[in-house]
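Engineer: predicted model, plus sequence, below.
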Amino acid sequence: MTRIRVLVVDDSVVVRRLVTDSLSRDPDIEVVGFASNGRIAQAKVDQLAPDLVTMDIEMPEMNGIEAVRALRRSRHTMPIIMFSTLTERGASATLDALVAGATDYVTKPANVGSVQESLDRVASELIPKIKALVPRRAGAPGAAAPAGGAPAEVPTARRPLA
């Protein structure tokens, strides 16, 4: 089976490691690269062609919202999951990211306790969303090719209730 290729974008080395370790628990997911800001993420998307991107909102040089806009302007259609502490308490930043073209969001664990608890929380929230957003790829067992060779439709972003 072809694994789901994920690019992790966050300015924090600790968070990038946390996300990578969480996703590595699942044999269907492969982290193919990292980026520390949106500008680097654009180049990595072109280079690595990931199936999905996790994106922080607050980053230096080019933030996550600007990066999402730039990727969508460049006709990249892969799902983008915003992964930020801002998404829980900053509803406007989350809405801005969704309006810019992000597909969904997950909140970073805060004050969870142990590293293991953080890994468990990230894995339990992020992995099901990744699997729901990335259809099984053509050539994978059980995969169905889209009718007429058209690209698979990107799911509509979930909107938080106000």
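Structural biologist: Yep, it's here. Numbers count the residues shown, from 1 in each chain.

Engineer: can you list contacts of the top helix by length along the chain?
Structural biologist: Looking across the chain with DSSP state H, the single longest helix is helix 115-133. Contact with helix 115-133 is made by 4, 6, 18-19, 21-23, 25-26, 28-29, 52, 54, 79, 81, 83, 103-104, 106-109, 112, 154-155, as judged by Cβ atoms under 8 Å, 6 or more residues apart in numbering. All C-beta atoms are positioned from the backbone trio N, CA, C, and that covers glycine.

Engineer: which non-adjacent residue is nearest the residue most central in space within the chain?
Structural biologist: For the chain, Thr54 is the residue whose C-alpha lies nearest the centre (Cα atoms, centre = their mean; 2.4 Å). Setting aside the residues directly before and after it, Thr54 is nearest to Phe83 in space (Cβ to Cβ, 6 or more residues apart in numbering), at 4.6 Å.

Engineer: swap in Ser36?
Structural biologist: Going by Cβ to Cβ, 6+ apart, Ser36 has Asp11 as its nearest residue, at 5.0 Å.

Engineer: helix, strand, or coil at the one you found?
Structural biologist: coil (DSSP: H, G, I helix; E, B strand; the rest coil).
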